[in-house]
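Trainee: sequence unknown, structure follows:
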């Protein structure tokens, strides 16, 4: 998992495994939206450049929206180094998701 590739050989799989291991989310959706950005900046053949995350975790309690985003971005630093160009993020606590 350290090299930015998941057990399934994808960046998506790596990101999901990393977030599950570090944040133990109650809910996690990792959606590859690269096909929606074909021809745009950062897009490349094969995708895995633009993702949308919806994550619910207790780890976000007491953190501002900016702090939550910084936490997730730091955890996914290897993904950005490997070609992730854009990340749309919805990070909520379990209480906010209820």
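Mentor: All right, it came through fine. Only a predicted model underlies this, so the values are computations on that prediction, with no experimental measurement involved.

Trainee: Pull out the buried positions in the worst-scoring helix or strand of the chain on mean pLDDT.
Mentor: Every helix and strand in the chain was compared by mean pLDDT, DSSP states H and E; the lowest is helix 77-81, with a mean of 90. Neighbour-count burial for helix 77-81 flags 78, 79 (criterion: 16 or more other Cβ atoms under 10 Å). Backbone N, C-alpha and C define where each C-beta goes, glycine included.

Trainee: swap in stretch 59-75?
Mentor: 59, 60, 68, 71, 72.

Trainee: Relative to residue 82, which of those is nearest.
Mentor: Lowest distance from residue 82 to these (Cβ to Cβ) belongs to residue 72, with 15.9 Å.

Trainee: Contact partners for that closest one?
Mentor: Going by Cβ atoms under 8 Å, 6 or more residues apart in numbering, residue 72 touches 19, 53, 55, 87, 89, 91.

Trainee: Make a markdown table from those residues and add distance to residue 31 to it.
Mentor: Compiled in a markdown table, the contacts of residue 72 are given as follows (distance: Cβ to Cβ, whole Å):
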| residue | distance to residue 31 |
| --- | --- |
| 19 | 13 |
| 53 | 8 |
| 55 | 11 |
| 87 | 11 |
| 89 | 11 |
| 91 | 14 |
